[in-house]
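[1] Prediction below, plus the sequence it came from.
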Amino acid sequence: MAATPDKPAPAAARRKAGRHRGEGQWAAGHLTPLNANEQTKKDDDGLNVRTRIETIYAKRGFDSIDGADLRGRMRWWGLYTQRKPGIDGGKTAILEPEELDDSYFMLRVRIDGGRLTTRQLRVIGEISEEFARGTADITDRQNVQYHWIRIEDMPEIWRRLEAVGLSTTEACGDTPRVILGSPVAGIAANEIIDGTPAIDEIYRRIVGNKDFSNLPRKFKSAISGSPLLDVAHEINDISFIGVNHPEQGPGFDVWVGGGLSTNPKLGVRLGVWVSLDDVPDVYEGVISIFRDYGYRRLRNRARLKFLVADWGPEKFRQVLEDQYLLRKLYDGPAPEVPVQQWRDHIGVHRQLDGRFYIGFAPRVGRVDGTILTKIADLAEAHGSGRVRTTAEQKMIVLDVEEDQVDSVVAGLEALDLRVTPSPFRRGTMACTGIEFCKLAIVETKGRGASLIDELERRLPEFDQPITINLNGCPNACARIQVADIGLKGQLLLDDDGRQVEGFQVHLGGALGLEPGFGRKVRGLKVTSEGLPDYVERVLRRFQEQREDGERFAQWAARASEEALS
């Protein structure tokens, strides 16, 4: 059963919606748009805007763009207007969208599974240099983001990307976003199962398919067979995580309903085991539930996590099996707890075939077109021509012969891409921030890079895993609630009473080993200028007070407020 505005769900299905009849669920028969976003999507599918971009807007320029396309449908093709330069964070929430809009765009290139060839990477680098003023950020969802994109250049950018098999289709918008995948799928010696075929089949069925291009909100997904749990599965709408079933063998455990932002929730297990061949069917069933039963009345309740929280995993599984799959799924085991905290694949590691992969860390995901082109040159000269992005704003060169490892490491280090980074370079992540983002209040990328430098200088002996995540607003694109030290941007008053950029501090969040949200100490806020002093102080206290083998998150959970201040 699939409900759409043109094909309502059967009466029986509408009756099952229960107390949520007022949430705008299609399956409950509420097909009249209840807010402006829903009206925009009903007026025209976001996928249709590409034709207007190519035939009208690219020829007539920025001022010709219809407002509903500009701030809505263009996201279906990876385009957001970026922030006009010179607008401080205090004006973020009070200016109208047209006052914040610059006449340039952020463009997101989706890289499903983080998989790239050197030819693709070189094209990404060339587009960066020619059309994006050199910008190219690696995101924590394995994508690459450009800035300074002109609408006039989009037809040529699409032509070049699609010529090498890349896409911006549904990289943004109320759509099935990029599918995260283990960056070492198919090559890691300890892999439980390779999820790559499922990623490819889901992409073939779902991406660009108008049956799934009008969702209540964005839909984030992940598939990994790595025992390191390397795709942040707890905070996706749906995740498939590799497990060994005692009778069925290798397959996937299914999680649903994760997400952060201003109302964070960790995903829950459905308690099922799914074979590799069945992953696409289960994915399609879950995204269909979201489409049909998802809450469309209020945007701030339109993510799948709210439906899962209301239904519970048992009912969600029952609806999935009875109404969408039309069959029962096997009960299955939970994934094993990973044996290490780092899961970014940084360093030199032996592959299943005896060759090596080499993971390296830029500063807070920030690279440029020239660097990406040089990475492609290195990978082509010393590997097989394959590279991958990670869900931690990192990259990996694959298939390096043993006698070529030192050459690749030296080449990467010469580009300031660390193969053996400090814990601060390795564990610091930042969102786009006020430099380009219209939602941001404070600067993040530059602040994160300078924080790394300061901590390396002040704490050269620090050797514990630590994650420091900086976010420019409350929306948690950089996962502040699940970092050891999560920093949420906001405006503060300094000692002289001046309004300055700063952060609310979250401490002791985690994914993987013991997933949970960070602790907030009452009144604990720090100015951007005072950030290095604060982080140094709290890390020194951790070193002084930690018990043998204790991780930062464990210490932060038991430490006194005085120690954390």
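    Yep, it's here. Here the structure is a predicted model, which is why all the values come from computation and not from measurement.
[2] Spatially nearest residue to the residue nearest in space to the middle of the chain, not counting backbone neighbours?
    What sits nearest the mean C-alpha location of the chain, by CA atoms, centre = their mean, is R141, with 3.2 Å. Closest residue in space to R141, ignoring its immediate chain neighbours: V178 at 5.5 Å, by CB to CB, 6 or more residues apart in numbering. (C-beta placed from N, C-alpha, C; glycine too.)
[3] The one you found belongs to a strand?
    Yes: the assignment for V178, made by DSSP: H, G, I helix; E, B strand; the rest coil, places it in a strand.
[4] ok so, going back, isn't the residue nearest to the centre of the chain right up against K220?
    Yes: applying CB atoms under 8 Å, one finds R141 in contact with K220, separated by 7.5 Å.
[5] Read off the pLDDT value for the residue lying closest to V526 once chain neighbours are set aside.
    Nearest residue to V526, sequence neighbours excluded (CB to CB, 6+ apart): Y534, at 4.5 Å. Looking at Y534, its pLDDT reads 98.
[6] Ok, the one 4 residues further on next?
    Turning to V538, the model gives it a pLDDT of 98.
[7] what's the neighbour count on the closest residue to it other than its chain neighbours?
    Once flanking residues are discounted, V538 sits nearest to L564: 6.2 Å by CB to CB, 6+ apart. By other CB atoms under 10 Å, the residues close to L564 number 21.
[8] so who does L564 touch?
    Counting by CB atoms under 8 Å, 6 or more residues apart in numbering, L564 touches 507, 519, 521, 524, 538, 541, 556.
[9] With D237 instead?
    Here D237 is in contact with 219-221, 256-259, 267, 286, 290, 303-305 (criterion: CB under 8 Å, 6+ apart).
[10] ok, now R122?
    Applying CB under 8 Å, 6+ apart to R122 gives the contacts 372-373, 376.
[11] In strands, which of those fall?
    If you go by DSSP state E, these have nothing in strands.
[12] Output those residues as a markdown table; include the columns pLDDT and distance to I441.
    Listed next are these as a markdown table, based on pLDDT from 0 to 100; distance: CB to CB, whole Å:
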| residue | pLDDT | distance to I441 |
| --- | --- | --- |
| L372 | 98 | 30 |
| T373 | 98 | 34 |
| A376 | 97 | 36 |
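[13] where do the helices sit along the stretch 151-300 of the chain?
    Per DSSP state H, counting those that start in this stretch, the stretch 151-300 of the chain carries helices over the ranges 154-163, 196-206, 279-293.
[14] quick one: which of those helices is nearest W26?
    Closest of these to W26 is helix 279-293, at 5.2 Å (criterion: CB to CB).
[15] what packs against the closest one?
    With contacts taken as 3 or more CB pairs under 8 Å, 6 or more residues apart in numbering; DSSP states H and E, helix 279-293 sits against helix 196-206, strand 219-224, strand 238-245, strand 249-256, helix 304-311, helix 313-319.
[16] Would you tell me which one of the ones you listed is buried the most?
    strand 219-224 (a mean of 27; mean count of other CB atoms under 10 Å).
[17] Please put the alpha-carbon coordinates of that strand into CSV.
    What follows is strand 219-224 as a C-alpha-only set of coordinates in CSV (Å, rounded to 0.1, in the frame of the first residue of the first chain):
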residue,chain,number,x,y,z
PHE,A,219,15.9,10.9,4.9
LYS,A,220,19.4,9.9,5.9
SER,A,221,20.7,6.4,5.5
ALA,A,222,23.8,4.3,6.1
ILE,A,223,25.1,0.8,5.2
SER,A,224,28.2,-0.7,6.7
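[18] Give me the pLDDT value at R19.
    pLDDT for R19: 44.
[19] okay if I get the helices and strands packed on helix 279-293 as a markdown table plus distance to D463 and mean pLDDT?
    Output for the helices and strands packed on helix 279-293, formatted as a markdown table (distance: least, CB to CB, whole Å; pLDDT from 0 to 100):
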| stretch | distance to D463 | mean pLDDT |
| --- | --- | --- |
| helix 196-206 | 35 | 98 |
| strand 219-224 | 27 | 98 |
| strand 238-245 | 29 | 98 |
| strand 249-256 | 32 | 98 |
| helix 304-311 | 36 | 98 |
| helix 313-319 | 39 | 98 |
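[20] With distance to D101 added, can I get those in JSON lines?
    Converted to JSON lines, the helices and strands packed on helix 279-293 look like this (distance: least, CB to CB, whole Å):
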{"stretch": "helix 196-206", "distance to D101": "30"}
{"stretch": "strand 219-224", "distance to D101": "26"}
{"stretch": "strand 238-245", "distance to D101": "33"}
{"stretch": "strand 249-256", "distance to D101": "35"}
{"stretch": "helix 304-311", "distance to D101": "29"}
{"stretch": "helix 313-319", "distance to D101": "39"}
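[21] Check which residues of the helix or strand hosting E536 are buried.
    Here E536, judged by DSSP states H and E, is contained in helix 531-545. Of the residues in helix 531-545, 531-532, 534-536, 538-539, 541-542 count as buried by neighbour count, 16 or more other CB atoms under 10 Å.
[22] Adding distance to P227 as columns, could you present the residues you listed in a markdown table?
    Converted to a markdown table, these look like this (distance: CB to CB, whole Å):
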| residue | distance to P227 |
| --- | --- |
| L531 | 35 |
| P532 | 36 |
| Y534 | 35 |
| V535 | 31 |
| E536 | 34 |
| V538 | 31 |
| L539 | 29 |
| R541 | 33 |
| F542 | 27 |
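[23] what residue ranges in the chain score low on pLDDT?
    In the predicted model of the chain, residues 1-21 satisfy pLDDT under 70.
[24] show me where the stretch 401-550 of the chain has strands.
    In the stretch 401-550 of the chain, the strands defined using DSSP state E, counting those that start in this stretch lie at 428-430, 468-471, 485-493, 499-507, 525-527.
[25] Right, I'll leave it there.
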